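*Asks:* got a structure for you, letters missing:
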């Protein structure tokens with residue numbers, strides 16, 4: 001394993017220079033923060049692709065034995081590496097997406113009518129070479145594991161060659177941007193709900209709550225639009241990271257599928273044996289007027305409905321994480337803290353624990369996926385109600401994107417504020433947690449509040 005420090009480079013510039021290598025993976029902290037938004041990680045040209053569909057796990061199209069997460073656990077173990085101290089936390093491994101619909105591999109759930117068994121629910125590239133950028137210290141490192149070579153000398157030679165190749169591409173004379181911005185007009189977004197139908201769905205959830213079936217469920221509407229012939233999803237992501245900067249942003253290009261995310265939410269992180277989840281529940285729009293903006297934030301902090309919603313999901317996550325953490329280690333150091341983003345204020349809590357001996361990152365995923373903040377409580381019943389009301393496969397939306405390191409580390413977001421591009425169409429979903437105190441009209445409007453900055457990225461004039 002080798003590493004080499006190079007001159008600091010802006011993450012978006014680096015991603016653009018590396019994307020011609022193929023299968024770009026860009027984990028982006030466009031909203032910089034000393035802890036939550038400190039690092040960016042960029043990979044390209046993975047040495048293998050791990051995918052899961054209804055038939056099970058595959059590596060480069062070849063079936064793997066065992067349940068999908070067991071197969072992933074065994075695969076990562078083949079390339080186990082030691083952490084290099086002093087470098088950013090991701091030093092090579094798997095990067096990609098766990099679609100929300102992967103939950104059907106973990107639980108017996110009702111299936112939406114359009115769930116496609118051939119469509120992958122996990123897509124992970126195995127990246128032997130990563131550009132890791134420390135945005136706080138303005139330092140950049142190329143890290144290469146030398147995988148998949150087995151012989152030590154061959155592995156070291158590959159690592160050295162990969163670092164040279166990536167460095168040459170990153171340091172080549174800069175030419176005009178390759179990101180195309182061909183669109184100038186509006187997009188004809190169509191929702192899977194009429195307003196009255198969405199409000200009726202919210203009332204149906206409230207009926208289930210009154211009947212004692214659930215405490216809350218997260219209900220979303222999904223927008224789709226046809227793309228212009230020359231549309232460049234990467235150019236859209238560059239706009240999105242400006243219009244809606246977020247600490248857990250991501251862009252992936254899998255060839256037949258691209259995903260652009262400006263997520264503010266961490267699903268789960270694992271580092272040095274410590275687990276952290278940061279569920280978001282509670283949203284208020286922002287105002288350009290400072291006094292009004294402060295008032296909106298204070299109203300959110302005092303909201304009985306939003307605090308109750310957040311606390312319920314914190315309890316759910318405590319129980320999920322406790323399944324793989326040491327007894328009595330699960331704590332809630334932050335409950336309903338305020339975080340502010342470009343378009344919204346959020347209530348965010350923090351749940352932590354220490355992973356028990358014998359468990360690893362994939363066990364943590366099995367115990368907690370999908371995140372409670374985008375399902376509801378109790379989780380399984382809430383997910384069946386989501387399917388009843390939405391009746392559409394969610395795909396990447398409300399799944400998780402991020403990395404699983406060859407050294408056992410992991411950091412995954414919740415894929416909200418996320419657009420997927422496939423078969424000439426863009427797809428964007430937005431939703432919210434429904435409780436007995438929810439107002440159907442207000443919940444409907446909240447979906448637009450959450451989606452507004454993503455829509456803005458499509459409307460922004462070319463530069």
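*Replies:* It's in. Only a predicted model underlies this, so the values are computations on that prediction, with no experimental measurement involved. Numbering: from 1, shown residues only.
*Asks:* helix, strand or coil for residue 153?
*Replies:* At residue 153 the chain is in helix, as set by DSSP: H, G, I helix; E, B strand; the rest coil.
*Asks:* count of residues packed around it?
*Replies:* 9 (other CB atoms under 10 Å). Any C-beta I mention is one placed from the backbone N, CA and C, and that applies to glycine too.
*Asks:* next up, the contacts around it.
*Replies:* Residues counted as contacts of residue 153 (CB atoms under 8 Å, 6 or more residues apart in numbering): none.
*Asks:* same check on residue 435?
*Replies:* Listed by CB under 8 Å, 6+ apart, the contact set of residue 435 reads 209, 215, 216, 305, 308, 309, 312.
*Asks:* got CSV for those residues, with secondary structure too?
*Replies:* Formatted as CSV, these follow (three-state DSSP):
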residue, secondary structure
209, helix
215, coil
216, strand
305, helix
308, helix
309, helix
312, helix
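*Asks:* closest to residue 1 out of these?
*Replies:* Here the nearest of the contacts of residue 435 to residue 1, counting by CB to CB, is residue 312; it sits at 43.7 Å.
*Asks:* my guess is that closest one contacts residue 215. True?
*Replies:* Yes - counting by CB atoms under 8 Å, residue 215 is a contact partner of residue 312 at 5.3 Å.
*Asks:* mutual contacts of those two, please.
*Replies:* Common neighbours of residue 312 and residue 215 (CB under 8 Å, 6+ apart) are 377, 435.
*Asks:* ok so, going back, which members of the contacts of residue 435 are classed as buried?
*Replies:* Buried subset of the contacts of residue 435 (neighbour count, 16 or more other CB atoms under 10 Å): 209, 215, 216, 308, 309, 312.
*Asks:* test my guess that residue 283 contacts residue 344.
*Replies:* Yes - with contact defined as CB under 8 Å, residue 283 reaches residue 344; the gap is 5.2 Å.
*Asks:* which neighbours do these two have in common?
*Replies:* Common neighbours of residue 283 and residue 344 (criterion: CB under 8 Å, 6+ apart): 449, 450.
*Asks:* now do the helices in the stretch 101-250 of the chain.
*Replies:* 152-171, 195-210, 233-243 (DSSP state H, counting those that start in this stretch).
*Asks:* using JSON lines, lay out these together with distance to residue 320 and mean pLDDT.
*Replies:* Shown next, in JSON lines, are the helices of the stretch 101-250 of the chain (distance: least, CB to CB, whole Å; pLDDT from 0 to 100):
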{"stretch": "helix 152-171", "distance to residue 320": "37", "mean pLDDT": "97"}
{"stretch": "helix 195-210", "distance to residue 320": "21", "mean pLDDT": "97"}
{"stretch": "helix 233-243", "distance to residue 320": "30", "mean pLDDT": "94"}
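*Asks:* so for residue 40, which of these sits nearest?
*Replies:* helix 233-243 (10.6 Å).
*Asks:* can you list contacts of the closest one?
*Replies:* Residues from elsewhere that reach helix 233-243 (CB under 8 Å, 6+ apart): 12, 15-16, 19, 24, 26, 28, 30, 179-181, 249, 251, 253, 258, 260, 262, 342, 419, 421, 453-454, 456-458, 460.
*Asks:* follow-up on the earlier one: closest to residue 436 among the contacts of residue 435?
*Replies:* residue 209 (4.7 Å).
*Asks:* give me the nearest residue to the closest one, chain neighbours excluded.
*Replies:* Nearest non-adjacent residue to residue 209, counting by CB to CB, 6 or more residues apart in numbering: residue 436, 4.7 Å away.
*Asks:* that neighbour: neighbour count?
*Replies:* Other residues near residue 436 come to 14 when the count uses other CB under 10 Å.
*Asks:* with residue 196 instead?
*Replies:* Around residue 196 there are 10 other residues, counting by other CB under 10 Å.
*Asks:* same check, this time on residue 213
*Replies:* Here the number of neighbours of residue 213 (other CB under 10 Å) works out to 15.
*Asks:* tell me how far it lies from residue 379.
*Replies:* From residue 213 across to residue 379, the span is 13 Å (CB to CB, to the nearest Å).
*Asks:* again with residue 69
*Replies:* Taking CB to CB, one finds residue 69 at 17 Å from residue 379.
*Asks:* got it, and residue 60?
*Replies:* Separation of residue 60 from residue 379 (CB to CB): 33 Å.
*Asks:* same question for residue 343.
*Replies:* Distance, residue 343 to residue 379, by CB to CB: 28 Å.
*Asks:* give me every residue that touches residue 109.
*Replies:* Taking CB under 8 Å, 6+ apart, we find residue 109 in contact with 103, 380, 383, 384, 387.
*Asks:* most neighbours, which of those?
*Replies:* Counting neighbours by other CB under 10 Å, residue 383 comes out on top of the contacts of residue 109 with 23 neighbours.
*Asks:* looks like that residue contacts residue 372 (just checking).
*Replies:* No - contact criterion CB under 8 Å: residue 383 and residue 372 do not qualify, at 10.4 Å.
*Asks:* surely residue 388 is within a strand?
*Replies:* No - the assignment for residue 388 by three-state DSSP gives helix, which leaves it out of any strand.
*Asks:* which residues does it contact?
*Replies:* Listed by CB under 8 Å, 6+ apart, the contact set of residue 388 reads 110, 204.
*Asks:* just to revisit the earlier point, which pLDDT value belongs to the residue nearest to residue 209?
*Replies:* pLDDT, residue 436: 94.
*Asks:* secondary structure element for residue 365?
*Replies:* Under the criterion of DSSP states H and E, residue 365 resides in helix 361-368.
*Asks:* centroid-wise, who is the farthest residue in this structure?
*Replies:* Distance from the C-alpha centroid of the chain, by CA atoms, centre = their mean, peaks at residue 153 (36.4 Å).
*Asks:* touching, the residue nearest to residue 209 and residue 207? I think so.
*Replies:* No - using CB under 8 Å, residue 436 makes no contact with residue 207, being 9.9 Å away.
*Asks:* now the buried members of the contacts of helix 233-243.
*Replies:* Neighbour-count burial (16+ other CB under 10 Å) is assigned, among the contacts of helix 233-243, to 12, 15-16, 19, 24, 26, 28, 30, 179, 181, 249, 251, 253, 258, 260, 262, 342, 419, 421, 453-454, 456-458.
*Asks:* out of the residues you listed, name the ones that lie in strands.
*Replies:* Under the assignment DSSP state E, these contribute 26, 28, 249, 251, 253, 258, 260, 262, 419, 421 to strands.
*Asks:* where does this structure dip in pLDDT?
*Replies:* Confidence mapping of the chain against pLDDT under 70 gives the ranges 175-178, 180-185, 460-463.
*Asks:* circling back: and the residue nearest to residue 209, that one's in a strand?
*Replies:* No - Residue 436: not assigned to a strand; according to three-state DSSP it is coil.
*Asks:* got phi/psi on it?
*Replies:* Here is the backbone geometry of residue 436 (degrees, to the nearest 10): phi -60, psi -20.
*Asks:* that older thread, so which of residue 343 and residue 379 has more stuff around it?
*Replies:* Neighbour count, other CB under 10 Å: between residue 343 and residue 379, residue 379 has more, with 22 against 18.
*Asks:* please tell me how far that one sits from residue 274.
*Replies:* Distance from residue 379 to residue 274, counting by CB to CB: 23 Å.
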